[in-house]
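Visitor: Sequence and computational prediction follow.
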Amino acid sequence: MIATMASSNSFSSKMLAPKFWPSWALVITAYLIARLPLTWILALGRGLGHLAYHFARSRRHIAEINIKLCFPELDDCDRAQLVKDNLLHTGMGLAEATIPWLNPKRNLHKHISVVGLEHLQAARATGKGVLLLGGHYTCIDITCQPLGAADIDVMYRANKNLVWEWLQVRGRSHFFDHVIERSDMRQTLALLKSGRALWYAPDQDYGRKHSVFAPFFNLPAATIRATSRLAKATDATVLMLSVFRDSDRAHWTLSFDPIFENFPSGDDVADASRINQQLEAHIRSHPAQYLWVHRRFKTRPDGEPAVY
């Protein structure tokens, strides 16, 4: 029998240690924010984004480098505006995440439009497992409710802070039957082989050992081989999803793309390139709503200088 949630969902007395008190203060604040009107939450998020723009200089610097690399066609003024808009959307995403994590009974269905659900239904109709590929968009957690209603499991990256780890697993477990830490390949394989649908994001830099270099915004980016390997090992059907905020309104659109045909191809670089190309197309449609503050190009091909 497959376990229904990660063990890190268990509360531990270690979380009450004084070093975690600031984290608990933030949790209490987030709990209160999650009960505000949506327009207020978005306004607070924009305020948080403004603060990040002025004071989170290291993250702003990463976003500036990424955007300069990925959008060389923009002039300095347009790039600066894109960086600012990106941090505003990142702030809104953080504020929005308080709702599914700390106020999960709040009904958001009327605020989220779902497009392309027939593609997910077609994937399920094959009777195989389904790999749903998503990017690190700024509003990714707001979709927990509709994705959970679609009976989808989720993979996540563990947090070293015990309180945040407990919170993210507990919050997502309200919607997803299985919340799987990304290194748990045994459970991942078991779920896909049993015909479950699993959502995960293959767009972070996991280092040279687990990756191939594939074009992403015309730059070689370390892209994990796991997607192809999982699809081959489990015969899973693969498709991509995206989620974007409609400007700064309290409405979001969750979209499912058509099934990947002839995937995996047997060529890891070709498969990674295909994933990156489709992800890039989504990002270009809403460039301010991707998580540019993470070091996507941290690992470089041999002989290339570091970019951060």
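Guide: Perfect, thanks for sending it. Note that the structure is a prediction, hence the values are computed from the model and not measured.

Visitor: ok, for residue 145, nearest residue in space, not its chain neighbours?
Guide: Of all residues not flanking residue 145 in the chain, residue 108 sits nearest, at 5.2 Å (CB to CB, 6 or more residues apart in numbering). Heads up, the C-betas are built off the backbone N, CA and C, glycines and all.

Visitor: ok, the residue nearest the centre of the chain - contacts?
Guide: Geometric centre of the chain, nearest residue: residue 136, 3.3 Å, by CA atoms, centre = their mean. Residue 136 sits next to 201, 203-204, 290-291, 294 when contact means CB atoms under 8 Å, 6 or more residues apart in numbering.

Visitor: In the stretch 151-300 of the chain, where is pLDDT below threshold?
Guide: Applying pLDDT under 70 to the stretch 151-300 of the chain flags residues 248.

Visitor: Quick check: the residue nearest to residue 145 touching residue 147?
Guide: No - counting by CB atoms under 8 Å, residue 108 sits too far from residue 147 to count as a contact (11.6 Å).

Visitor: between the two, which one's more packed in?
Guide: More neighbours surround residue 147 than the other of residue 108 and residue 147, with 26 against 20 (other CB atoms under 10 Å).

Visitor: Excluding chain neighbours, what is closest to residue 283?
Guide: Residue 283 sits nearest to residue 290 (CB to CB, 6+ apart), 4.6 Å away.

Visitor: any idea how far residue 88 is from the one you found?
Guide: 13 Å (CB to CB, to the nearest Å).

Visitor: Neighbour count: the two, which is higher?
Guide: residue 290 (27 against 22).

Visitor: now the helix ranked longest in the chain, how far from the centre of its chain.
Guide: Assignment by DSSP state H gives helix 76-96 as the longest helix of the chain. Relative to its chain's centre, helix 76-96 lies at 17 Å (CA atoms, centre = their mean, to the nearest Å).

Visitor: same question, stretch 116-132
Guide: How far stretch 116-132 lies from its chain's middle: 20 Å, per CA atoms, centre = their mean.

Visitor: And it, what's buried?
Guide: 116, 119-120, 122-124, 128-132 (16 or more other CB atoms under 10 Å).

Visitor: Check what pLDDT the closest residue to residue 258 other than its chain neighbours gets.
Guide: The spatially closest residue to residue 258, leaving aside those adjacent along the chain, is residue 119, at 5.2 Å (CB to CB, 6+ apart). Residue 119 is assigned a pLDDT of 97 by the prediction.

Visitor: Pull the contacting residues for residue 119.
Guide: By CB under 8 Å, 6+ apart, residue 119 lies in contact with 239, 256-259.

Visitor: Also residue 41?
Guide: 33-34, 95-96, 98-99.

Visitor: any idea how far it lies from residue 142?
Guide: From residue 41 across to residue 142, the span is 10 Å (CB to CB).

Visitor: Overlap of the contact sets of the two?
Guide: In contact with both residue 41 and residue 142: 96, 99, using CB under 8 Å, 6+ apart.

Visitor: List the contacts of the residue nearest to residue 145.
Guide: Taking CB under 8 Å, 6+ apart as the test, what residue 108 contacts is 99-100, 142, 145.

Visitor: leaving aside the residues next to it on the chain, what's closest to the residue nearest to the centre of the chain?
Guide: Spatial nearest neighbour of residue 136, excluding adjacent residues (CB to CB, 6+ apart): residue 291 at 4.0 Å.

Visitor: Verify the stated contact: the one you found with residue 90.
Guide: Yes - if you go by CB under 8 Å, residue 291 and residue 90 touch, sitting 6.8 Å apart.

Visitor: of the two, who's got more company?
Guide: Using other CB under 10 Å, the more surrounded residue of residue 291 and residue 90 is residue 90, with 26 against 21.

Visitor: give me every residue that touches that one.
Guide: Residue 90 neighbours (CB under 8 Å, 6+ apart): 49, 52, 138, 291, 293.
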